[in-house]
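Participant: fold the following and give me the result.
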Amino acid sequence: MLKIKRLVWIVALLPVPWLLVQFFDGGLGVNPIQALTRILGDWALRFLLLTLAVTPLRMLTGWGRIAGLRRTFGLIAFTYACLHILSYVGLDQLFDWDILIKDVLKRRFITIGMVAFVLLIPLAITSANSMIKRLGAARWKVLHRIVYVIAPLVIVHFWMMIRAGYDRSTLYGLAAGALLIMRMVRVTMRQVGDNSSSS
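Facilitator: Numbering: from 1, shown residues only. You can find the predicted model right below:
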């Protein structure tokens, strides 16, 4: 599984050097900073959705080993989210914190995106097995259900950011909604089963 995880990381990060080449070679259009920031955000959203898809895929295919990749996909999503934020803060705002704060407070889609990113941080920090032991499995599971809040926030952030052509945002939204419903149904059924067995 370790080799598979390493391979997933390598493949998942392949767009980064390609984007850097395109950025410096003028291949990202008339506003390369905006294009770079948005593409990095797209990849963060895709891997977040892939993280949510692990459990449904395991249920549909019976392939139990895929569950071992859930945290890997989640950390890759967080990595792209960090690059997305860094591109915005460093390249777009040039680390001008006064302008940055005003921009975050003024434009709602950026405010929502920042909230989603902040909520992602504790999930990334507690992704290691040692943190599961430290927090306890029950608390760890409760903490990581924050993803049920993060995913809709990211979809809203994406939807508010674009000004035309809502096909992709609608597709992402439908995918996130379906995956979240499947996960919540599974959690509810498990809780019902636990309550029944305990009684």
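Participant: stretch 137-153: end-to-end distance?
Facilitator: Length of stretch 137-153, first residue to last, CA to CA, to the nearest Å: 26 Å.
Participant: so which bits of it are buried?
Facilitator: Of the residues in stretch 137-153, 140, 144, 147, 150-153 count as buried by neighbour count, 16 or more other CB atoms under 10 Å. For every residue, glycine as well, the C-beta is placed using N, CA and C.
Participant: likewise stretch 128-135?
Facilitator: For stretch 128-135, a neighbour-count test (16+ other CB under 10 Å) marks Ile132 as buried.
Participant: before we move on, the earlier item: so which of the buried residues of stretch 137-153 are in helices?
Facilitator: With DSSP state H as the criterion, helices contain 140, 144, 147, 150-153 from among these.
Participant: picking up where we left off before, can I get the buried residues of stretch 137-153 in a markdown table including pLDDT and distance to Met59?
Facilitator: Formatted as a markdown table, the buried residues of stretch 137-153 follow (pLDDT from 0 to 100; distance: CB to CB, whole Å):
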| residue | pLDDT | distance to Met59 |
| --- | --- | --- |
| Trp140 | 90 | 21 |
| His144 | 88 | 18 |
| Val147 | 89 | 17 |
| Ile150 | 93 | 22 |
| Ala151 | 90 | 18 |
| Pro152 | 90 | 22 |
| Leu153 | 93 | 25 |
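Participant: between these, which is closest to Gly113?
Facilitator: The nearest member of the buried residues of stretch 137-153 to Gly113, counting by CB to CB, is Leu153 at 7.7 Å.
Participant: how about the contacts made by that closest one?
Facilitator: Neighbouring residues of Leu153 by CB atoms under 8 Å, 6 or more residues apart in numbering: 112-113, 115-116, 119.
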